[in-house]
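# give me the fold of what follows.
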Amino acid sequence: MADVRWITSDSDLPTDRQYVLIAYREDNGLLRHSAGLTYSIDRGLNANLLEAHLQTVISEAQTLADFEKIDTVYVSVPNKVIHQSERGAS
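A predicted model of the protein is given here:
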């Protein structure tokens, strides 16, 4: 199964190999590009659902990475966003 690594910015992505990126963007989606694949997670997503949605996307990204023979999924969702969703759930 593909490794999951958390990064602080897109500049931390490798330039020498393909990758799957999960990023916090304007909408939900999947984009194929020359460097691999990018899943986007909607910034407007309800804070109570963010963590569950992120875990689902990570699982899907790992499955797709394995199928595409990509060894790493990079997650570029700020920790601050995850912690806000945890506070919002209480």
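# okay, now residue 43: neighbour count?
12 (other C-beta atoms under 10 Å). (Glycine included, C-beta is placed from N, CA and C.)
# for it, phi and psi?
Here is the backbone geometry of residue 43 (degrees, to the nearest 10): phi -60, psi -30.
# and it, what does it touch?
24-26 (C-beta atoms under 8 Å, 6 or more residues apart in numbering).
# count of neighbours near residue 59?
When counting by other C-beta under 10 Å, one arrives at 13 neighbours for residue 59.
# show me what the closest residue to residue 25 other than its chain neighbours bridges to in the sheet.
Excluding the flanking residues, the one nearest residue 25 by C-beta to C-beta, 6 or more residues apart in numbering is residue 40, at 3.8 Å. Beta-bridge partners recorded for residue 40 (DSSP bridges): residue 23, residue 29.
# do you know how far residue 55 is from residue 67?
Counting by C-beta to C-beta, to the nearest Å, the gap from residue 55 to residue 67 is 19 Å.
# now whichever helix in the chain runs longest - C-alpha only, PDB.
In the chain, with assignment by DSSP state H, the single longest helix is helix 47-68. C-alpha atoms of helix 47-68 as PDB (Å, rounded to 0.1, in the frame of the first residue of the first chain):
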ATOM      1  CA  ALA A  47     -16.100  21.300   9.600                       C
ATOM      2  CA  ASN A  48     -17.900  18.300  11.200                       C
ATOM      3  CA  LEU A  49     -17.400  16.200   8.100                       C
ATOM      4  CA  LEU A  50     -13.900  17.300   7.100                       C
ATOM      5  CA  GLU A  51     -11.900  14.600   9.000                       C
ATOM      6  CA  ALA A  52     -14.100  11.700   7.800                       C
ATOM      7  CA  HIS A  53     -14.000  13.000   4.300                       C
ATOM      8  CA  LEU A  54     -10.200  13.400   4.400                       C
ATOM      9  CA  GLN A  55      -9.800   9.800   5.700                       C
ATOM     10  CA  THR A  56     -12.000   8.500   2.800                       C
ATOM     11  CA  VAL A  57     -10.000  10.500   0.200                       C
ATOM     12  CA  ILE A  58      -6.700   9.200   1.700                       C
ATOM     13  CA  SER A  59      -8.000   5.600   1.400                       C
ATOM     14  CA  GLU A  60      -9.100   6.100  -2.200                       C
ATOM     15  CA  ALA A  61      -5.800   7.900  -3.100                       C
ATOM     16  CA  GLN A  62      -3.800   4.900  -1.700                       C
ATOM     17  CA  THR A  63      -5.900   2.500  -3.700                       C
ATOM     18  CA  LEU A  64      -5.400   4.500  -6.900                       C
ATOM     19  CA  ALA A  65      -1.700   5.000  -6.200                       C
ATOM     20  CA  ASP A  66      -1.300   1.300  -5.900                       C
ATOM     21  CA  PHE A  67      -3.100   0.800  -9.200                       C
ATOM     22  CA  GLU A  68      -1.000   3.400 -10.900                       C
END
